[in-house]
Structures are given as structure tokens and as C-alpha cells.
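**Q** my questions are about this predicted structure, shown below with the sequence.
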Amino acid sequence: MHAIRKDSVSLIAVAEHEEGQRLDNYLIKILKGVPKSHIHRIIRAGEVRLNKKRCKPDNRIQAGDTVRIPPIRTAEKQRPSESQAAPAREFDTVYEDDALLVINKPSGVAVHGGSGVSFGVIEQIRRARPEARYLELVHRLDKDTSGLLMIAKKRSALVKLHEAIRNDHPKKIYLALGVGKLPNDRFHVKLPLFKYTGAQGEKMVRVSEDGQSAHTIFRVLNRFSDGLLHQVGLSDLTFVEATLKTGRTHQIRVHLQSQDCPIAGDERYGDYQANKRLQKLGLKRMFLHASELHLAHPLTGEKLILKAPLPQELAQFVVMLENQEKAV
């Protein structure tokens, strides 16, 4: 943690893991609670110096650079309470080296704090690893989605992974259970998705021509329509594999909903009555799991195929459905 003085000039040396960032973004991170507009103002006024020279907000910093920061008051009092709010926690590690950490995130845990959640995965891991100099989320998973989550341990790895994601390179495969019957065993959904704010202030997505392009490939793994489902008032469930060709917010959830086959247990886009009936059969969560990641290692280029099996509660639910099918 950089010590920023409020009554005299601070001289900060840029560490190796911090290089490559824009100067303004770097200052926003280390000057906690200081408005972005104020940071831009002191840069333009020449009060911030990079290696003793005037600089611009978009200058890229390098390891070993010296940043001069004028006396400034940061939100020091907030930091201890924030750290105390996040209990230290390690998660099941699927892959780790000095550049990349991939964990198997459980359902019900947010990836980061905010929007009414005081802390998430990243805050808990940072608390559990106080010696770690750099830990940043590469991408996000919805709170109720389980599975593979990438965390960069070096800024250079984060930059490379973000570049790959922009080019739709990491292959992400999910497993989901839909409420309904899909007509084809393999099909593509290419429907643009538009983000908006719901009535309760929640983040929502809908299919709209005004949205961003989105592409998902679905493959049916199993179909269920036995007497057990009929007993609770359900007709069909479809177990699918979903491969993302783009990575939009709530993409799989909304694409399946658009096919009249919303995800089982999805409280936002799902079928309320069906979800209540599924709870009677033992499904207590949304049935969506990030099961596979195929990617090139961000620094070495090594091909990685990472897998996280279905969590026990979802695997057991599928086995129960399969056994009922056999019994009919």
C-alpha cells in the first residue's frame, strides 16, 4: 500500500506489477476517495510529475518511474473498515502459477463488493493473501453462477487476457438446466442484448436490436419428461451445454429465456412457478455452472484446458432425473 502524505509531497516508485497503466488510472487506484476530476485537474496543473517532468493523464507508466504527488487527503479511514468487512477466504484452486489464478467459485458468492454486497471473492482472496502485490478479476460471474473464475496476479497477464477476451478467444463452456423443451439438439442463438435498469434498480438485460451482438452455441446433453416432473406440475427439462462466442452480461440466461426454456432456479429471468416446483424436488439454486475454460496462457502461450465438475448439489439433481427416466 502506497503511503500518500496529506501535508507534503509524496514520491512514489512504480512497481513492476503496476507498469503499463495510464497515469490517471494508476492515481485513481492509489488515491482512494479522490474524485477523478480532481486527479485530472492536478495533472493538468503540473502538480503531478512523472520522472520530474510534466505529464498527461494518458501517459503510460513504467516500472521504476517516479511519480510526484502533491499533498492530498485520501479516504484513509475507509480502508480499515473495508478490509475488516471481508473475511479472509481461499477458494478451490483449479490452476495457479505466478501470473494467473483460476478458482472454482461457489454459487451464492458475488465476485466483488458493491450494489448492496459489502465484499466478494476478490476482497476475500486479497484478505487471505496480504503478501500478494497484485490480484485483479479478469472477468465476472453472476453471484448465483458457480464455476471457473480467472484472477490475474500480474498486470501484464490481465492486459493480455483482456485483449484475448475482446477477440473472443478464451473458449468458455457452461452447463445449464432449462425449464422447457428445446426443438434441436444443437443450435446457435444470435440475438443482440441490451442492458437496462429494472424497477428495483437491478441490472437487467433483454433481447433488443439496440443491444450488443451476442452469440451462444447450445448442445442438448439430456432431456427429461418423466412422471416425477409431472407430479410437481412440470412437463419438460433440458440439460444443455452452452458455449459462449461473446461474453455479454447474463448472455446464457437471456438467450435460453428467448427460446422459451429459461434456466431452472433463475430468479431474474426464470419461471417463478416452475422454480417453486423445482424446489420441491430439491433444486435450491440457479442451475448454471461455468465448467470449462480453453485458453492460451497470457504470458507463455501454453494451451490450457481447465475444468470444474458440476457442484455436488447439481450433479445429484441430474442423477436423480436420470434415474427417474430409467425407472419409467
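**A** Great, that's in hand. Numbering: from 1, shown residues only.
**Q** give me the number of residues near residue 300?
**A** Residue 300 sits with 11 neighbouring residues when counted by other CB atoms under 10 Å. C-betas here are computed from N, CA, C, even on glycine.
**Q** quick check: phi and psi on the residue nearest to residue 232 when sequence neighbours are not counted?
**A** Excluding the flanking residues, the one nearest residue 232 by CB to CB, 6 or more residues apart in numbering is residue 277, at 4.3 Å. Main-chain torsions, residue 277, degrees, to the nearest 10: phi -70, psi -40.
**Q** and residue 277, what does it touch?
**A** Counting by CB atoms under 8 Å, 6 or more residues apart in numbering, residue 277 touches 232, 233, 234.
**Q** is residue 234 in a helix, a strand, or coil?
**A** Secondary structure, DSSP: H, G, I helix; E, B strand; the rest coil: residue 234 is coil.
**Q** residues contacting it?
**A** Residue 234 makes contact with 179, 274, 277, 278, according to CB under 8 Å, 6+ apart.
**Q** in strands, which of the residues you listed fall?
**A** residue 179 (DSSP state E).
**Q** of the contacts of residue 234, which is the most crowded?
**A** Neighbour max across those (other CB under 10 Å) = residue 179, 27 neighbours.
**Q** and the gap between that one and residue 68?
**A** Going from residue 179 to residue 68 by CB to CB, to the nearest Å gives 59 Å.
**Q** ok, residue 153 next?
**A** According to CB to CB, residue 153 stands 29 Å off from residue 68.
**Q** so which of these two has more stuff around it?
**A** residue 153 (20 against 17).
**Q** list the contacts for the more buried one?
**A** Residues near residue 153 by CB under 8 Å, 6+ apart: 98, 99, 100, 101, 132, 134, 135.
**Q** filter the residues you listed down to the buried ones.
**A** The neighbour count (16 or more other CB atoms under 10 Å) marks 99, 100, 101, 134, 135 as buried among these.
**Q** how about the third one, nearest residue that isn't a chain neighbour?
**A** Put plainly, it is residue 101. Closest to residue 101 by CB to CB, 6+ apart is residue 151, at 4.4 Å.
**Q** which residues does the one you found contact?
**A** Contact analysis of residue 151 by CB under 8 Å, 6+ apart lists 100, 101, 102, 103, 122, 125, 135, 136, 137, 138.
**Q** which SSE is immediately downstream of the host helix or strand of the fifth one?
**A** In the assignment (DSSP states H and E), residue 122 maps to helix 121-128. On the C-terminal side of helix 121-128, the closest following helix or strand by DSSP H and E is strand 136-137.
**Q** show the average pLDDT along the next helix or strand after that next one.
**A** Of the helices and strands lying after strand 136-137 in sequence (DSSP H and E), the nearest is strand 146-152. Regarding strand 146-152, the rounded mean pLDDT is 98.
**Q** same deal with stretch 247-263?
**A** For stretch 247-263, mean pLDDT rounds to 97.
**Q** how distant is it from the center of its chain?
**A** The chain centre lies 17 Å from the centre of stretch 247-263; the measure is CA atoms, centre = their mean, to the nearest Å.
**Q** could I get the buried residue list for stretch 103-111?
**A** Quick answer for stretch 103-111 (16+ other CB under 10 Å): 103, 104, 105, 107, 109, 110, 111.
**Q** swap that for stretch 235-254, sorry
**A** In stretch 235-254, counting by 16+ other CB under 10 Å, buried: 237-245, 248, 250-254.
**Q** what separates it from the chain centre, distance-wise?
**A** Using CA atoms, centre = their mean, the offset of stretch 235-254 from its chain centre is 16 Å.
**Q** what's the neighbour count on residue 280?
**A** Neighbours of residue 280 under the rule other CB under 10 Å: 11.
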